[in-house]
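**Q** Kindly return the folded structure for what I paste below:
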Amino acid sequence: MIRVDVFLAALLASSGALAQGYPAWLFGSAASETPLAVTSGGTRPVDMRSRMHDLGLDALATISPDVEGTRLPGLDGGTFFIYQAPATLAAAGKQTLRVQRSASYPNSHGKVDGTAQAIWGLDYTSPTGSLYEWAITGQLYNQTGNALGSGAQNVAVNGTAFKQFKPGFLYGADQISPTWGGNFVCNDLTGTPDPTSGCVGVEIDNYFNSGVGTDRNGNRVVLQLAWGSGDSPQTLSTDHISTGILIGGNGAATMDNALKFGGGGAYGVGLNFAGATFNTAPVFMGQGQKLVFDGTIAGTYNWALSDIYGTMALQYGGANKLTIDDAGNVVATGDIASAANISASGVVNAKGGFQANGVTGVSCAAGTVNLSTFTVTNGIVTHC
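**A** Model (predicted):
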């Protein structure tokens, strides 16, 4: 079988044969054009046209200077396969397929003209399709053993971006444009309220065989965030990354749930901060924000804890039931019961009376105390 790398190299090498930049024999437009002779694994010349015919490619694909009206040259139709089985470490360190783009065009008008891609996978699904259409797929079968001590970490899909500055640029290092290592978008163009099918920006799964048991070493992780120095394993305490997960919207639209647990399954702990050290606090809430305790899927609740501009309030149904102000004053709208001592450095004011040690106390106003009837029970004044 003819090697694809030889075929592509030959095609590129002959791109100057015609004024358009493509050899005429590939398109069948010039009978006098000499078919390109390349070798396949040896020194024997190979007629590309006859070789493609032998492989059946002429029935599956054509080489066109204008694929499907895009004005781009390429292969129109067919299915192709590139196989590599490197037998040495040096060979394994080379790419099976490498695409390199060097954008050096000028832009002097100070605006964004759109997007440009080094690789573009474009897939249109069938209205009656039954397959899961995946435009780009990276599939990895990891069979490397940790016991060999290599410490290899194998990845199915990787996106790495370098925000880079080099001396001689027309601007400073702090003026490099925003950079993303990855970007996933689902743009709902249906215009339908309350859709019945999903539009998910990105889905991350972690599957395992049923019956594998527990994961006490914490190695089955759905999403991992890591940060640190890219040029040294040792970072400094003065080095900072501002945010691990940043959630922000565009315009006036509302996100009903910024972070939501649901969709089936069971959870041991919702948010676990036990293994981390926080310089400030694991949860940092703003003034006037509420912490709800009995919320429902529908978004309703009764009990909430809120900081109301200098007063911490425990609320039920939106009404304050217990408040503590900045001075430490406590106000309760109902009864306060305790099986232990209640101690206060200030005044305890009970408008409806108070009970302690099994008896009900009374408040004696000035001039109402009669020593003949004044009664103290279990240390509590019960009669004036």
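**Q** where along the stretch 201-350 of the chain do the strands fall?
**A** 290-292, 303-307, 311-316, 319-325, 330-332 (DSSP state E, counting those that start in this stretch).
**Q** cool, the stretch 51-200 of the chain as well?
**A** Across the stretch 51-200 of the chain, reading from the start of the chain, the strands by DSSP E, counting those that start in this stretch fall at 62-64, 74-76.
**Q** hang on, the earlier thing: turn the strands of the stretch 201-350 of the chain into a markdown table, columns for mean neighbour count, distance to I82 and mean pLDDT.
**A** No exception for glycine: its C-beta is placed from N, CA and C like everyone else's. As requested, the strands of the stretch 201-350 of the chain are arranged in a markdown table below (neighbours: other Cβ atoms under 10 Å; distance: least, Cβ to Cβ, whole Å; pLDDT from 0 to 100):
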| stretch | mean neighbour count | distance to I82 | mean pLDDT |
| --- | --- | --- | --- |
| strand 290-292 | 14 | 55 | 94 |
| strand 303-307 | 17 | 60 | 93 |
| strand 311-316 | 16 | 65 | 93 |
| strand 319-325 | 14 | 69 | 92 |
| strand 330-332 | 13 | 74 | 87 |
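**Q** Quick one, which of these gets closest to V222.
**A** Comparing the strands of the stretch 201-350 of the chain against V222 with Cβ to Cβ, the closest turns out to be strand 290-292 (25.7 Å).
**Q** Format the strands of the stretch 51-200 of the chain as TSV; extra columns: mean pLDDT.
**A** Written out in TSV, the entries for those read as follows (pLDDT from 0 to 100):
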stretch	mean pLDDT
strand 62-64	79
strand 74-76	83
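**Q** Just give the nearest non-adjacent residue to N206, would you?
**A** In space, N206 comes closest to V222 once its chain neighbours are excluded; the distance is 4.5 Å by Cβ to Cβ, 6 or more residues apart in numbering.
**Q** Just name the most buried of the strands of the stretch 51-200 of the chain.
**A** strand 62-64 (a mean of 18; mean count of other Cβ atoms under 10 Å).
**Q** quick one: least confident helix or strand in the chain?
**A** When the helices and strands of the chain are scored by mean pLDDT, DSSP states H and E, strand 37-39 comes last with a mean of 40.
**Q** residue furthest from the geometric center of the chain?
**A** Distance from the centre of the chain peaks at S372, with 77.8 Å (Cα atoms, centre = their mean).
**Q** Could you measure from that one over to N378?
**A** S372 sits 21 Å away from N378, taking Cβ to Cβ, to the nearest Å as the criterion.
**Q** Where does the prediction get shaky in this structure?
**A** For the chain, residues meeting the criterion pLDDT under 70 lie at 1-61, 108-110, 149, 232-233, 346-358, 366-367.
**Q** would you list every one of the helices in it?
**A** 4-13, 48-55, 57-60, 89-92 (DSSP state H).
**Q** contacting residues around the most centrally placed residue in the chain?
**A** Averaging the C-alpha coordinates of the chain gives a centre point, and the residue nearest to it by Cα atoms, centre = their mean is V202 (7.0 Å). Residues touching V202, when contacts are defined by Cβ atoms under 8 Å, 6 or more residues apart in numbering, comprise F184.
**Q** ok, and what's touching stretch 150-157?
**A** Taking contacts as Cβ under 8 Å, 6+ apart, the residues outside stretch 150-157 that touch it are 138-140, 142, 144.
**Q** Including distance to N272, could the residues you listed go into CSV?
**A** Below are the contacts of stretch 150-157 laid out as CSV (distance: Cβ to Cβ, whole Å):
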residue, distance to N272
G138, 31
Q139, 32
L140, 29
N142, 28
T144, 31
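**Q** Looking at the residues you listed, which is nearest K166?
**A** Minimum distance to K166 across those is 30.5 Å, recorded for G138 (Cβ to Cβ).
**Q** Quick check: closest non-adjacent residue to that closest one.
**A** V157 (3.8 Å).
**Q** any idea how far that neighbour lies from L97?
**A** Note on V157: its distance to L97, by Cβ to Cβ, is 15 Å.
**Q** before we move on, what about D215?
**A** Computed as Cβ to Cβ, the D215 to L97 distance reads 36 Å.
**Q** now I308
**A** Taking Cβ to Cβ as the measure, I308 and L97 are separated by 62 Å.
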